[in-house]
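Chemist: sharing a sequence plus its predicted fold:
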2 protein chains.
Amino acid sequence: MWKTRNMPTAPALCCSPLTKAPLSLPEAEGLAHVLKAVADPTRLRLLSIVAAHQGGEACVCDLTDPVALTQPTVSHHLRVLVDAGLLTREQRGKWAYYRLVDGALRDLAGALNG
Amino acid sequence: MWKTRNMPTAPALCCSPLTKAPLSLPEAEGLAHVLKAVADPTRLRLLSIVAAHQGGEACVCDLTDPVALTQPTVSHHLRVLVDAGLLTREQRGKWAYYRLVDGALRDLAGALNG
DNA sequence: TCCTCCCATCGACGGTTGTCTATACATACT
DNA sequence: AGTATGTATAGACAACCGTCGATGGGAGGA
């Protein structure tokens, strides 16, 4: 499971055919929560920048410039992504390094196309 | 704003590795637009209900009861899904039949996990 | 110790969204 | 023509969201 500081609120995401049987309300809410995190242009760009960045990780200072937003705004978006279980945060010295959670995007995609 | 019905505003969705190279702003906006349509519990349930319904299609009157919302609200959500290119709408007599766009969810999933 | 740098949180603001009621439109049936 | 039924649209409202500036807090370096 995920073992970052705060337990991500992301649900299991598993085993939802979506196209085979109607989703229950809790299932739909859980899936929508993760999708909401990704359904924003800035957060999509942050995900791709972090993934493509050297070493597969990036600190906030690496991200503010590419997305042309203020540091608090970037921090806010990163927090949303961490809460959704898509990113992990690791503090090293003064810097906070963000990294893609392995398989998270694959699981999300799998929940969509069944 | 966004165009009228039957003219999906959904972009190509194609060829975005997402994890390999940073997304451009227009790419991210296009993808986010489709994801926003799916990032809602009610719309997720509507998608799954339509897909699982007999014949792969359903009219509005089939949908209001399962999601426990008023008819205008359901109509609104269906319009969002049609605009995103995920559903098609076909009028037959008094009824409007909604159906999943073939491959739309698969393409969306593909845009996520690269 | 003091200062600088990196980052998170707070409070506020305008814009968007999900839902409702009321209404208009269109198609069938009598 | 008139009526009933299935949908879409309009308008309104509360809640949420993305963004900012200001502030606080921790980690290093002089």
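Modeler: Yep, that arrived.

Chemist: just give me the residue closest to the centre of chain A.
Modeler: Nearest to the centroid of the C-alpha atoms of chain A, with distances taken as C-alpha atoms, centre = their mean, sits residue A:86, at 2.6 Å.

Chemist: isn't that one right up against residue A:35?
Modeler: No. Assessed by C-beta atoms under 8 Å, residue A:86 is found out of contact with residue A:35, at 10.7 Å. Placement of C-beta: from N, CA and C, glycine included.

Chemist: my read: residue A:34 touches residue A:108, true?
Modeler: Yes. Counting by C-beta under 8 Å, residue A:34 touches residue A:108, with 5.9 Å between them.

Chemist: buried residues, stretch A:27-34. List them.
Modeler: A:27, A:28, A:29, A:30, A:31, A:32, A:33, A:34 (16 or more other C-beta atoms under 10 Å in any protein chain shown).

Chemist: put together a markdown table for those residues, with secondary structure on each row.
Modeler: What follows is these, written out as a markdown table (DSSP: H, G, I helix; E, B strand; the rest coil):
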| residue | secondary structure |
| --- | --- |
| A:27 | helix |
| A:28 | helix |
| A:29 | helix |
| A:30 | helix |
| A:31 | helix |
| A:32 | helix |
| A:33 | helix |
| A:34 | helix |
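
Chemist: quick check, nearest of those to DNA strand D?
Modeler: Among the buried residues of stretch A:27-34, residue A:33 lies closest to DNA strand D (C-beta to the nearest atom of the strand), at 8.8 Å.

Chemist: can you check the pLDDT for that closest one?
Modeler: Here the pLDDT value assigned to residue A:33 is 98.

Chemist: do the same with residue A:20
Modeler: Reported pLDDT for residue A:20: 88.

Chemist: which residues of chain A lie near DNA strand C?
Modeler: Taking C-beta under 7 Å from any atom of the strand as the criterion, chain A approaches DNA strand C at residues A:59-61, A:71-72, A:75-76, A:78-79, A:89, A:94-96.

Chemist: narrow those to those that are buried.
Modeler: A:59, A:60, A:78, A:89.

Chemist: follow-up on the earlier one: taking the residues of chain A next to DNA strand C one by one, which sit in helices?
Modeler: Judged by DSSP state H, helices contain the following of those: A:60, A:61, A:71, A:72, A:75, A:76, A:78, A:79.
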